[in-house]
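**Student:** no FASTA, just this:
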């Protein structure tokens, strides 16, 4: 069968690769895809902007048109923006099954205020918060509470809508800047208590429909816990980024912690999805803080994480296409998820200057012998094919360029393989952290 993957990042390359490995899948159509999916086995890119018949269509309409013309069996939606704009609704309405929540469920990420209301209504363990639409009232609240404190823009802000303010001055500046610079996303602010602890990510498969809720088959199944490293520099220093690397699973996350997560976060979330009659067939990514009182939810993301996906999906010891089918057809409750033993480490290489101003168009070279000897997999994020080159060459086209993901029976083995493989990647001004997964590398409050 053919499958459609919507998106152009490292997460989508990983999803496409995992689907292409399925014995059920003959071809993966990536819309628009990137330089990695262009060269991935069994994958083919279709960029609507480069097709005159599709260029003037919305992404929703273009995706439906491509899905029908290519006769795909189902679609997997990677990024949050299209989900919030109803692409899953559009695909289902066009007769194309889709993995990804419909717009009502996607609002759990698109609006931090709505997600906090949802968490509080259904007893999800989370930070206390207040929501403000008036800047002066927000500033007064911050001054009353003091620092440290967390300021969040309500809407989607491409990873730029959250400030963990350690001082009152930082908090006041955050209120001013988020309301001034983020347009619609910053018109409403969610101000949260500062939680002490260390962050982790738990991705999960979700299958909730009116039918599955009625027959008791609605469920959420968590994947192995992972950790993203957001700060640019070693030792969790420097500015926040979209993610400098991930590791899976986590030695510091116990069975007791996961049991508390199941009881206090996962099951209340499932109860809420059912009660709110959300058609949620896709993935959910729980951002968690491990506090002295147990894990607490920081936020919902209505898709797989990036770069967590590049560390978690290679650990799967089951058919990802079959998992997707179980999500859509309501049989997730009986789907058995088996996981490889060992660890996966996936450091990310970024363009010099990221997360601020950076250059594009830098040629990327690969020493395939080093990468293959380490048993690593390169997942491309911000890179495209250089059309000027006579032979295929990838050039940088974003801040986060690629992830180098490797497996080992121990963490040390996985870490060594990932960084040995990274030595086989070169481009001008390339930068990467040297401590992904090591002690002291994780952000903590």
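**Tutor:** Perfect, thanks for sending it. Fair warning: this is a prediction, and the values are worked out from it, not measured in the lab.
**Student:** Helix or strand for residue 378, just tell me which one.
**Tutor:** For residue 378, the host element (DSSP states H and E) is strand 377-380.
**Student:** now swap in residue 281 and tell me
**Tutor:** Element membership for residue 281 (DSSP H and E) is strand 280-291.
**Student:** Just checking: what are the partner strands of that strand?
**Tutor:** Strand 280-291 has the following strand partners under DSSP bridges: strand 198-208 (antiparallel), strand 294-301 (antiparallel).
**Student:** could you give the mean pLDDT of the longest one?
**Tutor:** Strand 198-208 shows an average pLDDT of 97 in the prediction.
**Student:** Also the last one?
**Tutor:** Strand 294-301 comes out with an average pLDDT of 95.
**Student:** Counting by contacts, list what whichever helix or strand comes after it packs against.
**Tutor:** Counting by DSSP H and E, the next helix or strand C-terminal to strand 294-301 is helix 308-312. Under the contact criterion of 3 or more C-beta pairs under 8 Å, 6 or more residues apart in numbering; DSSP states H and E, helix 308-312 touches helix 10-20, strand 198-208, strand 219-228, strand 245-248, strand 343-350, strand 400-408. Every residue, glycine included, has its C-beta placed from N, CA and C.
**Student:** next one: the third one to chain centre, how far?
**Tutor:** In terms of C-alpha atoms, centre = their mean, to the nearest Å, the centre of strand 219-228 is set 12 Å apart from its chain centre.
**Student:** Any buried residues in the strand holding residue 281, and which?
**Tutor:** By 16 or more other C-beta atoms under 10 Å, the buried positions in strand 280-291 come out as 280, 281, 282, 283, 284, 285, 286, 287, 288, 289, 290.
**Student:** Let me see the contact set for the third one.
**Tutor:** Translated: residue 282. 77, 83, 88, 98-101, 105, 205-206, 302-303, 327 (C-beta atoms under 8 Å, 6 or more residues apart in numbering).
**Student:** That one bridge partners, please.
**Tutor:** residue 206.
**Student:** now swap in the last one and tell me
**Tutor:** Residue 290 forms beta bridges with residue 198, residue 295, as assigned by DSSP bridges.
**Student:** Looks like it contacts residue 198 (just checking).
**Tutor:** Yes: between residue 290 and residue 198 there is a contact at 5.3 Å, judged by C-beta atoms under 8 Å.
**Student:** Doesn't residue 264 belong to a strand?
**Tutor:** No: read with DSSP: H, G, I helix; E, B strand; the rest coil, residue 264 is helix and lies in no strand.
**Student:** which one is it nearest to, not counting chain neighbours?
**Tutor:** Of all residues not flanking residue 264 in the chain, residue 125 sits nearest, at 4.1 Å (C-beta to C-beta, 6 or more residues apart in numbering).
**Student:** ok, back up a step: of all the contacts of residue 282, which comes closest to residue 378?
**Tutor:** Residue 378 lies nearest to residue 303 out of the contacts of residue 282, by C-beta to C-beta, at 21.7 Å.
**Student:** what sits against the closest one?
**Tutor:** Contacts of residue 303 by C-beta under 8 Å, 6+ apart are 11, 77, 78, 79, 80, 83, 100, 109, 282, 283, 285.
**Student:** Kindly provide the distance from it to residue 45.
**Tutor:** 20 Å (C-beta to C-beta, to the nearest Å).
**Student:** do the same with residue 294
**Tutor:** On the measure of C-beta to C-beta, residue 294 and residue 45 end up 44 Å apart.
**Student:** Does residue 420 touch residue 369 like I think?
**Tutor:** No: counting by C-beta under 8 Å, residue 420 stays clear of residue 369, with 11.1 Å between them.
**Student:** Which of these two has more residues huddled nearby?
**Tutor:** More crowded of residue 420 and residue 369, by other C-beta atoms under 10 Å: residue 420, with 17 against 9.
**Student:** For the more buried one, grab phi and psi.
**Tutor:** The phi/psi pair for residue 420 (degrees, to the nearest 10) reads phi -60, psi -40.
**Student:** Just give the closest residue to it, not the sequence neighbours.
**Tutor:** Spatial nearest neighbour of residue 420, excluding adjacent residues (C-beta to C-beta, 6+ apart): residue 374 at 4.4 Å.
**Student:** Make sure that neighbour is actually in contact with residue 406.
**Tutor:** Yes: assessed by C-beta under 8 Å, residue 374 is found in contact with residue 406 at 5.7 Å.
**Student:** Quickly list what's touching both of the two.
**Tutor:** Taking C-beta under 8 Å, 6+ apart as the contact rule, residue 374 and residue 406 both touch 417, 418, 420, 421.
**Student:** Tell me the one among those nearest to residue 51.
**Tutor:** The closest of the shared contacts of residue 374 and residue 406, once distances to residue 51 are taken by C-beta to C-beta, is residue 421, at 35.2 Å.
**Student:** mind listing the helices for the stretch 1-150 of the chain?
**Tutor:** Remark: helices assigned in the stretch 1-150 of the chain by DSSP state H, counting those that start in this stretch are 10-20, 59-70, 80-84, 87-93, 103-110, 112-121, 135-145.
**Student:** Report how many residues lie close to the residue nearest to residue 264.
**Tutor:** Using other C-beta under 10 Å: residue 125 sits among 19 other residues.
**Student:** Contact partners for it?
**Tutor:** By C-beta under 8 Å, 6+ apart, residue 125 lies in contact with 264, 265, 268, 293, 294, 295, 296, 297.
**Student:** ok, of those, which one's closest to residue 55?
**Tutor:** residue 297 (40.3 Å).
**Student:** separation between the residue lying closest to that closest one once chain neighbours are set aside and residue 104?
**Tutor:** Leaving aside its sequence neighbours, residue 297 sits nearest to residue 126 (C-beta to C-beta, 6+ apart; 4.4 Å). Note on residue 126: its distance to residue 104, by C-beta to C-beta, is 20 Å.
**Student:** higher neighbour count, those two?
**Tutor:** residue 126 (25 against 15).
**Student:** Leaving out sequence neighbours, find the closest residue to the residue nearest the centre of the chain.
**Tutor:** Nearest to the mean C-alpha position of the chain, by C-alpha atoms, centre = their mean, lies residue 305 at 1.8 Å. Nearest-residue entry for residue 305: residue 285, 4.7 Å, with adjacent residues in sequence omitted and distances by C-beta to C-beta, 6+ apart.
**Student:** just checking, that neighbour touches residue 306?
**Tutor:** No: using C-beta under 8 Å, residue 285 is not in contact with residue 306, being 9.3 Å away.
**Student:** who's in contact with the closest residue to residue 436 other than its chain neighbours?
**Tutor:** Closest residue in space to residue 436, ignoring its immediate chain neighbours: residue 245 at 3.6 Å, by C-beta to C-beta, 6+ apart. Residue 245 makes contact with 228, 229, 307, 345, 346, 347, 348, 403, 432, 433, 436, 437, according to C-beta under 8 Å, 6+ apart.
**Student:** try 6 Å this time
**Tutor:** By C-beta atoms under 6 Å, 6 or more residues apart in numbering, the contact list for residue 245 reads 229, 346, 347, 348, 433, 436.
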